[in-house]
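Asker: turn this into a structure:
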Amino acid sequence: ESLAPADEFVEVADRGVVTTFCIVNIPVIGRALELPYVVASIALDGADISIHALIQECKPEEVRMGMRVEAVWKPDGEREGSHEDILHFRPTGEPDMPREGFINRL
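Answerer: Purely as a prediction, here's the structure:
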């Protein structure tokens, strides 16, 4: 392993599993989201790292560890090729991943 910068882009899945999450009940400066909202750590399928992202299109109390989610993207003409092209993640409706499947990603 190395801390050297990557010299090429590697495409990863836009689906994954919630490993941890936080229900935010306090307004954050610069973020105009209706409270409460959820920020989660998402282990992307086939990737070695997790990302932090909003979970929407469900009630905050429905979010749980192991929940399968998928990215919701900006429209094609508005994308810039960065992580900010992902608007949020939403539940897929697939069965939850058992804890043993993501415990090493915490």
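
Asker: list of residues touching the longest strand seen in the chain?
Answerer: For the chain, the strand with the greatest residue count under DSSP state E is strand 15-24. Outside strand 15-24, the residues that touch it by Cβ atoms under 8 Å, 6 or more residues apart in numbering are 33, 35-45, 47, 50, 55, 60-61, 63-71, 89, 92, 96-97, 101-102, 105-106. Yep, even glycine has a C-beta here, placed from its N, CA and C like the rest.

Asker: same deal with stretch 43-54?
Answerer: Outside of stretch 43-54, the residues within contact range by Cβ under 8 Å, 6+ apart are 12-17, 19, 33, 37-42, 71, 83, 86-89, 102, 105.

Asker: now the residues you listed: which count as buried?
Answerer: Those of the contacts of stretch 43-54 that meet the buried threshold are 15-17, 19, 37-42, 71, 86, 88-89, 102, 105, by 16 or more other Cβ atoms under 10 Å.

Asker: pick the one among those residues closest to Ile26.
Answerer: Of all those, Tyr37 has the smallest distance to Ile26: 10.6 Å, by Cβ to Cβ.

Asker: distance of that closest one from Gly101?
Answerer: Using Cβ to Cβ, to the nearest Å, Tyr37 is found at 26 Å from Gly101.

Asker: then Arg79?
Answerer: When Arg79 is compared with Gly101 (using Cβ to Cβ), they lie 30 Å apart.

Asker: from what I can see Glu94 touches Glu70, true?
Answerer: No - the pair Glu94 and Glu70 fails to qualify as a contact (Cβ atoms under 8 Å) at a distance of 9.2 Å.

Asker: any regions of the protein where pLDDT drops low?
Answerer: Applying pLDDT under 70 to the chain picks out residues 1-2.

Asker: try 50
Answerer: In the predicted model of the chain, no residue satisfies pLDDT under 50.

Asker: hey, where'd the strands end up in it?
Answerer: According to DSSP E, the chain carries its strands in the segments 15-24, 37-44, 50-55, 68-73, 86-91.

Asker: what is the nearest residue to Glu61 once chain neighbours are set aside paired to in the beta sheet?
Answerer: Nearest residue to Glu61, sequence neighbours excluded (Cβ to Cβ, 6 or more residues apart in numbering): Ile23, at 7.8 Å. Taking DSSP bridges as the rule, Ile23 bridges to Val38.
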